[in-house]
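> structure of the sequence below:
(one chain, ligands or ions: 2)
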Amino acid sequence: MNAHIVVLPGDGIGPEVTAEAVRVLDLVAREAGHAFSFTEHLMGGCSIDAHGVALTDEVLAACKGASAVLLGAVGGPKWDDPSAKVRPEQGLLGLRKGLGVFANLRPVRVLEELIDASPLKPDRLRGVDILVIRELTGGLYFGQPKGRDRKDGHERAVDTLEYQDFEVRRVVELAFRLAKARRAKVTSVDKANVLESSRLWRQVATEIGKANPDVALDHMLVDTAAMRLVTSPASLDVVVTENMFGDILTDEASVLAGSMGMLPSASIGAGGPGLYEPIHGSAPDIAGKGIANPVGTILSTAMLLRHSLDLPAEARRVEAAVDLAIRDGCRTRDLGGTLSTREMADAIVLRLDGKSRPVRVARRVERKSAKAAKAKPKARAKRAKKRSASGARRRRAG
Ligand code: IPM
Ligand code: MG
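Ligands and ions are numbered 1, 2, ... in the order given. This is a model prediction of the structure:
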């Protein structure tokens with residue numbers, strides 16, 4: 001298969017994680033006999049610096065013409081002035097709207113090996129496998145009117161939460177379709193006790209539920225859902241919700257997986273190119289250090305293979321390699337490990353053959369240092385001298 005992927009590395013850690021994800025994607029494609037081409041473009045703060053806007057018409061056109069779009073992250077302190085007219089996030093929102101990707105799929109799976117990386121109690125985390133589907137091109141993010149003015153001598157700000165029935169229908173229908181290949185359970189999240197838009201949401205979801213009796217539907221208020229996510233996350237299967245509720249709930253859900261750096265996402269619409277991005281942000285505090293976790297972006301390429309290119313076997317190969325790397329003990333710093341972005345990606349590449357390689361080196365070093373701690377100080381000093389003379393410094397990704 002030939003495919004053309006537009007890569008938008010963006011800001012902060014975006015370029016670091018997309019570089020590794022492209023490496024994995026390209027390798028998997030080549031080994032399966034596909035020819036993928038990649039073109040990079042500016043989007044976000046870097047585009048503001050170069051062109052004065054976060055997303056140029058040319059870049060949007062290039063994305064529309066691609067088989068799929070892979071994105072890193074946008075934003076950073078440099079462009080954070082709240083009164084600024086031009087903001088990096090406008091690029092991301094413009095891209096989502098421009099591509100018509102109305103459904104954002106955010107799977108949250110808890111790997112047994114990462115249970116300790118989460119602040120939640122282990123018994124709450126076992127068996128968690130949730131697919132959050134966030135409506136992405138409507139709601140509070142896009143509703144009009146929106147803006148600032150003065151009213152009765154005060155400054156006023158307005159955002160509008162607006163949905164039309166068809167916008168709710170298409171995303172909830174997708175949730176039902178995807179639920180049928182899972183545990184056949186949809187939780188529709190709204191705030192129908194207060195918001196009119198949520199009452200419409202619930203009405204449409206109920207209609208779709210009646211037409212799909214093979215799927216269990218329940219409705220949950222967003223405040224209850226926020227609580228359920230941490231009290232009984234394993235009871236949730238597919239969760240479908242409005243744009244901003246989904247934004248908030250998925251950051252909360254990322255804690256279940258041990259780190260935000262682990263979570264991928266796929267934004268898909270009515271058949272055009274999909275947009276694939278990790279759910280984490282640009283993490284300016286660690287940008288440029290080469291220590292960001294590339295897993296969320298690498299898993300986003302697996303979603304790209306599955307949803308945009310219809311290559312499920314290749315997608316599974318990437319996912320299996322990530323699982324193996326984690327099972328074998330490979331960890332970036334957000335997960336309590338020491339691997340760099342590149343080393344973590346190397347560890348995943350190494351396991352694309354489907355074989356486990358427990359990280360023995362790290363364990364040996366641990367045992368050695370435990371032994372050394374017990375040894376007599378004089379012997380320890382002698383050994384240290386010998387080590388530094390030989391320049392031995394072993395650090396391996398797998
Ligand atoms: C996300 C992000 C974005 C959003 C920001 C960067 C605009 O938080 O993808 O979840 O709110 O959608
Ligand atoms: Mg968010």
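
> drop to CA atoms for contacts and neighbour counts, all remaining ones
Will do.

> avg pLDDT for stretch 188-205?
Averaged across stretch 188-205, the pLDDT comes to 98.

> list the buried residues for that stretch?
188-192, 197-198, 200-205 (16 or more other Cα atoms under 10 Å).

> now the helix or strand that contains Val349, how far from the chain's geometric center?
Val349 belongs to helix 341-350 when assigned by DSSP states H and E. When distances are taken as Cα atoms, centre = their mean, to the nearest Å, helix 341-350 is centred 18 Å away from the chain's centroid.

> what packs against it?
Packed against helix 341-350, as judged by 3 or more Cα pairs under 8 Å, 6 or more residues apart in numbering; DSSP states H and E, are the following elements: helix 14-31, helix 312-327.

> got a markdown table for those, with mean pLDDT too?
Converted to a markdown table, the helices and strands packed on helix 341-350 look like this (pLDDT from 0 to 100):
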| stretch | mean pLDDT |
| --- | --- |
| helix 14-31 | 98 |
| helix 312-327 | 98 |
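
> from ligand 1, how far off is the nearest residue to Ala68 once chain neighbours are set aside?
In space, and not counting its chain neighbours, Ala68 is closest to Pro273: 4.6 Å by Cα to Cα, 6 or more residues apart in numbering. Relative to ligand 1, Pro273 is positioned 17 Å away (Cα to the nearest ligand atom, to the nearest Å).

> how many neighbours does Pro273 have?
25 (other Cα atoms under 10 Å).

> now do the contacts for it.
When contacts are counted by Cα atoms under 8 Å, 6 or more residues apart in numbering, Pro273 is found next to Cys63, Lys64, Gly65, Ala66, Ser67, Ala68, Val69, Leu99, Ser308.

> in the stretch 251-398 of the chain, which residue sits nearest ligand 1?
Across the stretch 251-398 of the chain, no residue is closer to ligand 1 than Ile279, which sits at 5.6 Å (Cα to the nearest ligand atom).

> pretty sure that residue is touching Ser259, no?
No. Proximity of Ile279 to Ser259 does not meet the contact threshold set by Cα atoms under 8 Å, at 10.7 Å.

> so for these two, which residue has more residues nearby?
Ile279 (23 against 20).

> please identify the helix or strand for the residue in the stretch 1-150 of the chain that ligand 1 sits nearest to.
Closest approach between the stretch 1-150 of the chain and ligand 1, counting by Cα to the nearest ligand atom: Glu89, at 4.8 Å. Assigned by DSSP H and E, Glu89 belongs to helix 88-99.

> try Val53
Counting by DSSP H and E, no helix or strand carries Val53.

> got the contact list for it?
Residues in contact with Val53 (Cα under 8 Å, 6+ apart) are Gly44, Ser47, Val86, Arg87, Gly91.

> which residues touch the closest residue to ligand 1 within the stretch 101-250 of the chain?
Nearest residue of the stretch 101-250 of the chain to ligand 1 (Cα to the nearest ligand atom) works out as Asp247 at 4.9 Å. Contacts for Asp247 (Cα under 8 Å, 6+ apart) come out as Arg134.

> same deal with the one 4 residues further on?
Contacts for Asp251 (Cα under 8 Å, 6+ apart) come out as Met260, Ile279.

> Arg183 too?
So, once contact is read as Cα under 8 Å, 6+ apart, Arg183 ends up touching Asp237.

> quick check on it: phi, psi?
Per-residue torsions, Arg183: phi -100, psi 10 (degrees, to the nearest 10).
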